[in-house]
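J.: Got a sequence here, can you model it:
(chains A and B)
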Amino acid sequence: MVTRRELLEYASLSAVAAGAGLAARPLAFGADMPGVTATEIKIGQTMAYSGPASAYGVVGRVEAAYFKMINEQGGINGRKINLISLDDGYSPPKAVEQVRRLVEQDNVAFIFQSLGTPSNVAIRPYLNAHKVPQLFSATGASLLGDPKHFPWTMGVNPTYRTEGAIYGKHILATKPDAKIAVLYQNDDLGRDYLSGLKDGLGEKNLGMIVKEVSYEVSEPTIDSQVVTLQGSGADVFLIAATPKFGAQAVRKSFDLGWKAVRYIVNVTASFTILKAAGLEKSHDLITASYAKDPTDKIWSNDEGVKQWTAFCQKYMSASVIPDANAVYAYGVAQVLMQVLKQCGNDLSRENVMKQATSLKDVPVSVFLPGITVSTSPDNYYPIRKMQLQRFDGENWKLFGDLISG
Amino acid sequence: MSTLPTAKAEPERSGFIGWGRVGLACVVVFALVLPFMSSGYHLFQYAQVLNYAIALVGLNLLTGYNGQISLGHGAFFAIGGYASAILVAKFGMPYWVTPPIAGMVCLVAGFLFGLPALRLEGLYLALATFALAVAMPQLLNYKHFDALTGGSGGLQLAKPGAPFGLPITSDQWLYFYCLGFAALLFLAARNLVRGRIGRAMVAIRDQPVAAETMGVPISYVKAMCFGISALYAGVGGALSVTIVGYVSPDSFGLFLSLSFLVGIVVGGLTSIPGMLFGAWFIEFVPNYADQLTSSLGENAKALPWAVYGVLLIALMFVMPRGIAGAVTAMAARLQRFTNATKRA
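T.: Residues are numbered from 1 along each chain as shown, chains lettered A, B, ... in the order given. Below is the predicted model of the structure:
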């Protein structure tokens, strides 16, 4: 047991120590252009290199390789880009810690493409309080574009909600008497898609949705959900699921002989996933897209895709070429280059944010023709248009015009 | 488990200098001066170390002293964290009243979980608690709790500044805030294990039959031990959420529970101060591993956990009784040396 005397001893000791310590105050950080020297601009990022979302780690690796290429070509405005990309294991507390390290210790100019909705939401208050730009957060959650409350934070992906609305509009235009069944993942991703679909259909037509069924990421299979949805008599089926479950839903709906028009969300529409579901079972799926699919033959002579392939072979490896996440990262890195170009020599945080919010129709080599990046001080959704495509059993075939959500 | 040292492996007053007291005094001074020599980012890390240490002390009471293995303490950390966040965000309570409440919530949750768990021994208990850790993130994400928990989007909390107009930064204040709780809970744990209940806990671990014959109420002590252990984890979780300012189901993955187990083993089973080392390990070593592999080039990005694993194995070889065990052994050697010089 601790005696009273012992306690008193430590208490008095504590008082002395605290008094001595108060005299020395920590240094304040900050200069006009943190992270910028005559020869270098330092930027930071948290990325899921480990943990449940480590498949997305390729985003950070592609960006590091991209800036390496830029640096070999002489950098931008004579400055090399130094990307410090730290692992957060997809854990929000770790992301907060790493971002604080990037800002306070590594003294980065801004944060670029930190990955994941939870991590981005967690670091947002800190970055906004310190007026550090949080550019092009890698998530499609609609809550990341909120200039009124968080003027220093901007997402980049077309939001899941935008995409859902595009499906709603297309269903309304092509099949106004449709009976819609929706399978969605029970989290922000699934629910964003569902509310997007409702936005697209409009208040009056909500009755078109005859059945909504959700699933948890922990479930081994979603077969029973698909059977339930088919039983509703729907003739349109929206699959708002992540890859593993999307593939299961595609296969099951085909095996059941359910003759519905099937929409599958962009995050699950990559060729490798459809291959897992069975290509013949994926026939006539519809999805919305904004980036080129490097495996699609229609782009075999496309300058952008050629550059992408060459880049992979030189700086990454050929296995990365078909990876949609890698293509995405390459595209977003180009958008950042445009921001830095517009900044010129004024790389202060204010100006970086100012230029990031005044992008005008920036073309990106690996995005679909006509899809450009535009922002304004009150529009924090850089990519808002997508184009629909249908799977012909071998490739995605684009059809129709660009649609905005 | 019977090879573990008991709480009183070292003599109470060894020699007239009392290395233990000198050491403790140094730690106290260090802990109090630290915030005035560190940046905000480092203080955030140190505060996080303290929070982990609190949770580790709880787990150590259960696993080290009482011999019940839990792979699910991340779940109690999560319950404590969410309890605090919900009280602040939804009920408008000041953040500083929430850790005791979160602790009480976890005490009840832990006690109730401990009751059925009484029937489970060793590995079976480990599996049951493991299930708790696996289930927790999904329970937190359950859509009918959304109004309270914020679903997968989580809850955001404002970062508190220093109260009473104290001339210190928010980070310094939060460090002291966590330090205060840590000191209190470390002291309480020390008193607990040195008292009657502590002896009962160790007796149940080593000789359950003998303990029962001596009149120790085994079920009650075990369930209470589970409850107190959960209380510690809950307070740690509540403090952690306050300094992070955000909570979501992803904050409390399965890996957190495993880290806690790593922490108590590295720190030293049946050591209370050792938990500071354990917490330091689980907070900092992954970062060191990440930096080490970053210097190996971009393609080594997948390696930090391999490095972490190697470090862990190496540590267990060099210090089989954890860092606290190694420190104790070193202190004993030092004592023998001073005694020998005195005699000479």
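
J.: Just the strands from the stretch 51-200 of chain B, written as ranges.
T.: Assigned strands in the stretch 51-200 of chain B, in chain order: B:155-156 (criterion: DSSP state E, counting those that start in this stretch).

J.: which parts of it sit against chain A?
T.: By the rule C-beta under 8 Å from any C-beta of the partner chain, the part of the stretch 51-200 of chain B lying against chain A is B:138, B:141, B:143, B:151-154, B:156, B:158-159, B:167-169, B:172, B:187, B:190-191, B:194-195. For the C-beta atoms, the positions are set from N, CA and C on the backbone; glycine is no exception.

J.: from these, which ones fall inside helices?
T.: With DSSP state H as the criterion, helices contain B:138, B:172, B:187, B:190-191, B:194 from among those.

J.: Can you turn the buried part of these into a ChimeraX selection?
T.: In ChimeraX syntax, the buried subset of those is picked out as below (16 or more other C-beta atoms under 10 Å in any protein chain shown):
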select /B:172,190,194
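
J.: Need the ones in helices among the residues of the stretch 51-200 of chain B next to chain A in a markdown table (columns: pLDDT).
T.: Listed next are these as a markdown table, based on pLDDT from 0 to 100:
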| residue | pLDDT |
| --- | --- |
| B:Gln138 | 79 |
| B:Gln172 | 92 |
| B:Leu187 | 93 |
| B:Arg190 | 91 |
| B:Asn191 | 92 |
| B:Arg194 | 91 |
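
J.: Mind listing what's buried along the helix or strand containing A:Ala310?
T.: For A:Ala310, the host element (DSSP states H and E) is helix A:303-315. Using 16+ other C-beta under 10 Å as the test for burial, helix A:303-315 gives A:304-305, A:308-309, A:311-312, A:315.

J.: just those now: which is nearest A:Asp296?
T.: Distances from A:Asp296 to the buried residues of helix A:303-315, taken as C-beta to C-beta, are shortest for A:Val305 (8.6 Å).

J.: can you narrow the buried residues of helix A:303-315 to ones near chain B?
T.: Counting by C-beta under 8 Å from any C-beta, no member of the buried residues of helix A:303-315 is near chain B.

J.: on that earlier part again, which secondary structure elements does the helix holding A:Ala310 contact?
T.: In terms of contacts (3 or more C-beta pairs under 8 Å, 6 or more residues apart in numbering or on different chains; DSSP states H and E), helix A:303-315 is packed against helix A:57-72, helix A:324-343.

J.: what's the very next helix or strand once past the longest one packed up against?
T.: Translated: helix A:324-343. The helix or strand immediately downstream of helix A:324-343 is helix A:349-356, counting by DSSP H and E. Identification of packing neighbours for helix A:349-356 by 3+ C-beta pairs under 8 Å, 6+ apart yields helix A:324-343.

J.: Alpha carbons only: can I get the helix it packs on in CSV?
T.: The C-alpha atoms that make up helix A:324-343 are tabulated as CSV, following Å, rounded to 0.1, in the frame of the first residue of the first chain:
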residue,chain,number,x,y,z
ALA,A,324,-8.5,0.0,-62.0
ASN,A,325,-7.2,1.5,-58.7
ALA,A,326,-3.8,2.0,-60.2
VAL,A,327,-5.2,3.7,-63.2
TYR,A,328,-7.2,5.9,-60.9
ALA,A,329,-4.2,6.9,-58.9
TYR,A,330,-2.3,7.8,-62.1
GLY,A,331,-5.2,10.0,-63.1
VAL,A,332,-5.5,11.8,-59.8
ALA,A,333,-1.7,12.4,-59.7
GLN,A,334,-2.1,14.3,-63.1
VAL,A,335,-4.8,16.5,-61.5
LEU,A,336,-2.4,17.4,-58.7
MET,A,337,0.2,18.3,-61.3
GLN,A,338,-2.2,20.7,-62.8
VAL,A,339,-2.8,22.3,-59.3
LEU,A,340,0.9,22.7,-58.8
LYS,A,341,1.4,24.1,-62.3
GLN,A,342,-1.3,26.7,-61.6
CYS,A,343,0.4,27.6,-58.3
